[in-house]
Structures are given as structure tokens and as C-alpha cells.
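> Sequence and predicted structure below; questions after.
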Amino acid sequence: MKELNRSLLQRLSRLQAPDCPSVSVLGDFLDGQIVAEKRPSVEAHLQTCPSCVNRLIDLRELVHLEKEGEEPPQTLVNELKLLVSSQEMPQQPVRSVMSRIAEVLSTTWATVREWASPRFVGEVAAASAVAVFILFVGPTLLQRQPPGSQAGGEQIKALSEFSVPEQRILQSLSTALTGLDPLQKQLVSTLEKLPKNLLLEETRGATNVEVYKKAAPATVLIVTDQSVGSGVVISSQGEVLTNWHVLQGAKQLAVVFKPQRGVEVRKDLAFAASLIKRDQVADLALLKIQAPPQNLRVLPLGNIMEVEVGQDVHAIGHPGGEVWTYTTGTISQVRPGYQWKGNDGLLHQSRVIQTQTALNPGNSGGPLLNDQAEIIGINSFRGEGEGLNYAVAVDMVKAFLQQAGGRAAAPVPSQRASSYRMEPYGTNIVGVYIKAVAPPPDTWFVYDHAQKRLAYAARGDRIATQIDTVLREDPASKSLTFYFDLDCDGKIDLIGSDSAGNGEPDRYDLPQGSLKMADLATDLVQAFQQGIIPYSQLKMCR
């Protein structure tokens, strides 16, 4: 291939489509060697130019051809020279077929600075001749599907085709924020200063039996034409507090009181009620019994300032139709400004009290009580992990009762993509494009060797080209665990748990002992070492 000299290669590298980066610039971007000042503009261009994205993919393919391709005939080399000469002529205002040839020809140039070997130059000629053939046979073929990275090839996979663990990770990484380095480092610093053991106060106050006797008559069963739930009487005028989602979609509703003895549901204890107001944001609703019975048992509202972590709490409700069920537990934490996605399709936010009190569907709307049988919260929802139960705090209840009107909540925004572009690498690694628009992929799925189960996922959380985060799902609890290497030294600095299932860690812990990225992502480390993943700009923190 002496005919194809270095001068011709330099002329090739300068070719570019109108308003697009040159082939050599795209080659530098693919290698991760582009100057920092140019990178933002190239990335912005790639987000709006599918043609240049296809060029990057073609450049990557030529790396493979350099190693395994055959020598092209001399006629193809001559064809390439003619194309270059044509493209160096002055361009016409109206784009001609030859100007479109220049765009396709630009896909043949893959980092000529380093790959100017005779064999690779032959592959450039072969690819260029094929591009000429495609243009003259059918211009519509210019919009072809980008080739895959290896046999089996790239594919677009619908979200519904992924397994449940894969969908959870895709949702998490699609919605989670990146670049939380300062916050996470502060968490590490704070956690290191905490004492290793926390002492809880001893159980105090009234007995469980006394709390139940006081609270059960004021805890009502709410029956609608849609579902059942719980509520609590808060005034002698027959006002009943519950969750908004208990009433959502209901056209008729009734309030049932507990009989003096036993727990059977009796018609003579059922009273019609109507909705007075609701707060969808905090998931609260206030009912009014139309003709309340005399001598109503009423429960007072407690004081949020007296609520403490470790405090004993009590709950009464109707889980699964098991009416007036009593459970007890402790307060795990009080969380201000907490957000959650309800089964009602709305995005809620409120101060909540997290407890270990056993709650189930049917408990929603019932009271969370202190030892004095005062309402300190309204039991509202459960997390996906064990012992993760939440009640809207009493100060939010008081604010709701003082409001002149209600509040409407926004629907949960749909942030999932309907499909994801994927590329296989080796036998058990798949690159997934979640936010990236150009190679390399920004997320890596690693399967067990039978490819029946997702073992873990990895990505660059702070810098896209530095893989510093590993995600694993607990098959039992279905919760995600994030392992963060904050300084990319190969050691895990922080562990986050997405116990609420909202795609972001809601609890952080320090690792117990030394935990290394290489131990968590062994297959991925080996794939980089063996060249199975070909992107030289990527780095595995280790």
C-alpha cells in the first residue's frame, strides 16, 4: 500500500460534513485525547447529530478491521484517491451527491495519527469504496442502523424486555443525580465521627393494653366503593383524619366504629361521611360524619417536639381486613421533606416518622400513637425493605387542619426511556447507553456466566470515564445497594442503600473493613485488562 502515502492520509483527516467536526476531531474524541476546550462543543453536537454518532461507531469498527481485515485490491485504492480529490474541490451552495459522499467518507478515518500502518490504510480504502457503492445504489441507505461492536451486534432493547432487576437499575440510573461528590464526602466525614454504638432510652409510659383501650374506640374503619382503610376521630363534631389515597376515586364512603366488645363489623355502627378537604401533597384527607353518634371517643394530637428516635410507638388499623389490629414498635428516624411515589400515581412530600411498627395495606390512615395515646402521625406507606414504615408527622397534620383549602400533588414524572441501546462485550458483559449519546456506553451490566441473572452494574458517577460506582440488588428485599469509590483509589469509601425504591440512596454507611472495587467487579476489571472492552479513555478505579 505504498500508493497511499502519509500526505493522502492527512488530506483524508481534514474531510468533514458542513457544520460538523472533522474526522480527525471525532477520532480524538473517541480516543479521549481531544483538548478540554473542544470537548463540550463536540459533545453538544453529538447530542443533535445522529450522522456523527454513526461516524464514531464506524471508526470503532475500523479498529477491528485493522487487526483482522484482508488486503484490498489496487482498484479500491485508486477509487479512494479520486474521492479525496473530489472532496477538496470548492463546495457548491446546494449539497450534491459528492458532498454527501464526503460525509460517508469521513466515517472511514479512525485516529490516523496512530494507525497509519499499511494494513489499516488498506482498510480505509475498502470502507470508502463501500460507501461510494451505497450512495449510488440507494441514498436512503445513508440512514442505516449503526453496526454492533462484535458478532451479535448492537441492538435497541425495549424496557419491557429487560428483567425486573435490570429495570430497577435502569430506572435508578435514569433518574438519579450524578456528581454528588461533596455531599458524599461530607457523609463519610460525618459517619466517621459518630460513636460506634448508640444508647437508646428505656421503654416508658403506659402499658400496651391501656393504649389500645384508649385508642381503639376512636380508630374507625373506612369503607368506600373502591377499598377499605383506617381513620381516626379528632373532634367531637365527627371529623375523621385519614390518608387521601384511601379515598381516591371513591364515590361513596362510610365510617364504621368498633363495638364495645369484640371486633365484628356491624351495620348499626356504620355512618355516612363526606370529604371536607384533602392535601394530596402530604397524602392527608379530612372527613365529616354526617350524623355522628353521641359520646364520640376523640384522640388528641401530640407534639412533634416530643417525638424522639428510639421512642416506643403504637398503631391500630385494619390490615388485610383484619379489623382493629394492634401493633407496636419504635421510631427509627424523623425525616423532614421526605418524598415518595404513591400507588395513586402522585408524588408526595412531607415530614414523616419512620418506624419499625408492622404495617400492611389497610393500616393506611390509622393513627401512630405515643404511650399517652396521643396522635403523633398518620400511618401512610411502607418502604420495600423490611421494617420500613412511614407515617405523616403530627406537625404536618396540624398544618393541614389549619389550611383554608387543599393542595393538589403533581403526577409522578415519567423519566424512563422506552428503550435502551445495548452493545455486547465478551460472553457476559453488556454496555448500555442510558444518558450517553456516543460511544462508549455509560453503564455496564455484568451477568453470571450462564447469562441468566444480572450480577451487578457499574458506571462512572462523578466522571463518566472513571468507573467508580457498583450497584447490586438484594434479591430478597429488592433494594439497591450503591458502592462508591469517591477518590477513585480502588477502595470503597461509602455504601448507600435505596431502601425506599426511589432510585437514590436514602441511607448511608461506612464499609466494614477494606472493600475494593476489584473485588466487587472482577469480571469488568478482567475485561479491561484483556481488551474485551476496547475504549482506551475508560478507567476502572482500582
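Perfect, I can see it now.
> so what strands line up beside the top strand by length along the chain?
Using DSSP state E, we find that the single longest strand of the chain is strand 325-341. Using DSSP bridges, the strands paired with strand 325-341 are strand 312-317 (antiparallel), strand 347-355 (antiparallel).
> So which bits of that strand are buried?
With burial defined by 16 or more other Cβ atoms under 10 Å, the residues of strand 325-341 counted as buried are 325-332, 334-335, 338, 340-341. C-betas here are computed from N, CA, C, even on glycine.
> how about TSV for these, with pLDDT added?
Shown next, in TSV, are these (pLDDT from 0 to 100):
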residue	pLDDT
Thr325	89
Tyr326	91
Thr327	90
Thr328	91
Gly329	91
Thr330	94
Ile331	94
Ser332	92
Val334	94
Arg335	92
Tyr338	91
Trp340	87
Lys341	83
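> now, among the residues you listed, which is nearest to Ala393?
Val334 (6.7 Å; Cβ to Cβ).
> The closest one: what's it in contact with?
Val334 is in contact with Ile304, Val307, Val309, Arg351, Val352, Ile353, Gln354, Ala393, counting by Cβ atoms under 8 Å, 6 or more residues apart in numbering.
> go with 6 Å
Contact partners of Val334, counting by Cβ atoms under 6 Å, 6 or more residues apart in numbering, are Ile353.
> Could you do the one 5 residues further on as well?
For Gln339, the set of contacting residues under the criterion of Cβ under 6 Å, 6+ apart consists of Gln349.
> any idea how far it lies from Arg507?
Per Cβ to Cβ, to the nearest Å, Gln339 is found 15 Å from Arg507.
> Likewise for Ile434?
Separation of Ile434 from Arg507 (Cβ to Cβ): 24 Å.
> do Lys341 as well
Distance from Lys341 to Arg507, by Cβ to Cβ: 18 Å.
> Over to Gly342?
Per Cβ to Cβ, Gly342 is found 21 Å from Arg507.
> And those two? Which one has more around it.
Applying other Cβ atoms under 10 Å to Gly342 and Arg507 shows that Gly342 carries more neighbours, namely 19 against 14.
> Can you give me the buried ones in whichever helix or strand Lys277 is part of?
Using DSSP states H and E, Lys277 falls within strand 270-279. Buried positions in strand 270-279, judged by neighbour count with 16+ other Cβ under 10 Å: Phe271, Ala273, Lys277, Arg278, Asp279.
> just these now: which is nearest Ser380?
So of the buried residues of strand 270-279, ranked by how close each gets to Ser380 (Cβ to Cβ), first place is Asp279, at 11.8 Å.
> can you pull out the helices in the stretch 401-542 of the chain?
Using DSSP state H, counting those that start in this stretch, the helices of the stretch 401-542 of the chain run over residues 517-520, 522-529.
> Asn295 belongs to a strand?
No: applying DSSP: H, G, I helix; E, B strand; the rest coil, one finds Asn295 to be coil, outside a strand.
> Tell me where the stretch 301-450 of the chain is predicted with low confidence.
Across the stretch 301-450 of the chain, the ranges flagged by pLDDT under 70 are 384-386, 412-418, 450.
> can you map out the strands along it?
With strands called from DSSP state E, counting those that start in this stretch, the stretch 301-450 of the chain shows them at 312-317, 325-341, 347-355, 367-369, 375-382, 389-393, 419-425, 429-433, 443-447.
> deepest of these, which one?
Counting by mean count of other Cβ atoms under 10 Å, strand 367-369 has the highest mean neighbour count of those, with a mean of 30.
> Each with direction, which strands does that one pair with?
Short version: by DSSP bridges, strand 367-369 pairs with strand 312-317 (antiparallel), strand 375-382 (antiparallel).
> Dump the ones you listed into CSV; add distance to Val209 as well.
Shown next, in CSV, are the strands paired with strand 367-369 (distance: least, Cβ to Cβ, whole Å):
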stretch, distance to Val209
strand 312-317, 11
strand 375-382, 19
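> and of those, who's closest to Ala518?
Ala518 sits nearest to strand 375-382 of all the strands paired with strand 367-369, at 36.8 Å, using Cβ to Cβ.
> Touching the closest one from outside, list them.
By Cβ under 6 Å, 6+ apart, the list of residues contacting strand 375-382 reads 243, 283, 299, 301-302, 307, 315, 340, 353, 359, 363, 366-368, 370, 389-394.
> change it to 8 Å
Residues outside strand 375-382 that contact it (Cβ under 8 Å, 6+ apart) are 230, 232, 234, 241-243, 283-284, 299-302, 304, 307, 313, 315, 317, 340, 342, 352-353, 357, 359-360, 363-370, 388-394, 397.
> From Ala44, how far off is Met437?
Slight slip there: residue 437 is Val, not Met. The separation that Val437 has from Ala44, given Cβ to Cβ, amounts to 10 Å.
> So if I had to pick from those two, which one is more boxed in?
Val437 (16 against 10).
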